[in-house]
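Chemist: starting from these lines, generate the structure:
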Amino acid sequence: MISGLQLAILAGGLIGLGLCLVVARLLPAEPDLADALERVSTSRSRSTTQVAVARSGKERLGLWGLRVLPPGFWVRTPVRELALLRISLAQFYGEKLTFAGLGLLIPVFLTTLFNILGLGIPVQIPALASIVLAVVMFFIPNYNALDEARKARVEFSRALGAYIDLVALERHNGVGARQAMETAAGVGDSWVFSRLAEELARSRWSGLPPWDALHTLAAELGLAELDDFADIMRLSGEEGASVYATLRARSASMRTAMLNDEIAQANAVGERMTIPGSLLGVIFMALLVAPSLLRMLTST
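Modeler: Numbering: from 1, shown residues only. The predicted model follows:
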């Protein structure tokens, strides 16, 4: 049977959750203009359809949060990172609510377990711990999205260097700008080449120049290297400039920059590795000196 203390602990957790929801509801709503325009635009119909047929529990929970909770409740949404990772807002918000719910329940569960073992814990401690842990775990998906997006941008830069080389070779063989970009995008089978091929195909069917589509993709995902590549191809397509040497120099500079970053990371790791070695040397010297010191102290 559930004791009165356990009921009080559960009530404290529920009260904490209720206070969080009340505070979130009372926060002033400041709608994002870009988000509002995206909601009423026709280009959003495809993503809206995908969200509407959400199947996972996290997506359904996220849809509930989008309908019920105010925009200010989410504090900050890494839109670029989610677009790069192709994670829907419903899934992201559902994950945040799931983590927050776990943060509310973990202290209550641990307190109940400790009370069963005979440790008396006041009700105020799990109630406060539930609120604090829920807030902390609420932002874990943000950190995960930023970290995964950082790794994806590094992978994108590496693949983009190879893609630029392929485009340069196609242009050197006399192929047109659009055809060179589309042919080079169809060579690789990674997600980077697939993403480029999708944007180029979309630009063909919409009648937009391919470099404008890449400009839009670079601005959406925060990829400066792709934006520079689109500028180079615009000069080639609109002004007929020879860009073979420019593209090869751009890909070489990207590889040099990535190599310098990897060298800097390796140096940082090497410096951190010297700390355990130094401590081991100090411990070894202490073991050598300790017997002599003990004999001197005991002899006196």
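Chemist: and the pLDDT for residue 11?
Modeler: The model reports residue 11 with a pLDDT of 59.
Chemist: next SSE downstream of the lowest-mean-pLDDT helix or strand in the chain?
Modeler: Of all helical and strand segments in the chain, the minimum by mean pLDDT, DSSP states H and E falls on helix 45-52, at a mean of 40. Once the chain leaves helix 45-52, the next helix or strand it forms, by DSSP states H and E, is helix 57-68.
Chemist: other SSEs contacting that next one?
Modeler: helix 89-116 (3 or more CB pairs under 8 Å, 6 or more residues apart in numbering; DSSP states H and E). No exception for glycine: its C-beta is placed from N, CA and C like everyone else's.
Chemist: buried ones in stretch 287-300, by neighbour count?
Modeler: Buried residues in stretch 287-300, counting neighbours by 16 or more other CB atoms under 10 Å, are absent.
Chemist: hey, C-alpha coordinates of that stretch in CSV?
Modeler: Written as CSV, here are the backbone C-alpha positions of stretch 287-300 (Å, rounded to 0.1, in the frame of the first residue of the first chain):
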residue,chain,number,x,y,z
LEU,A,287,57.0,6.0,-4.1
LEU,A,288,60.8,6.1,-4.4
VAL,A,289,61.3,8.8,-1.7
ALA,A,290,58.6,7.7,0.7
PRO,A,291,60.6,4.7,2.3
SER,A,292,63.6,7.0,3.0
LEU,A,293,61.4,9.6,4.6
LEU,A,294,59.7,7.0,6.7
ARG,A,295,63.0,5.7,8.0
MET,A,296,64.2,9.2,8.8
LEU,A,297,61.0,10.0,10.7
THR,A,298,60.9,6.7,12.6
SER,A,299,64.6,6.9,13.5
THR,A,300,64.2,10.2,15.2
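Chemist: next one: that stretch to chain centre, how far?
Modeler: 56 Å (CA atoms, centre = their mean, to the nearest Å).
Chemist: number the chain from 45, please
Modeler: Understood, numbering begins at 45; the last thing we discussed is stretch 331-344.
Chemist: now what about it, what contacts it?
Modeler: Here stretch 331-344 makes contact (CB atoms under 8 Å, 6 or more residues apart in numbering) with no residue beyond itself.
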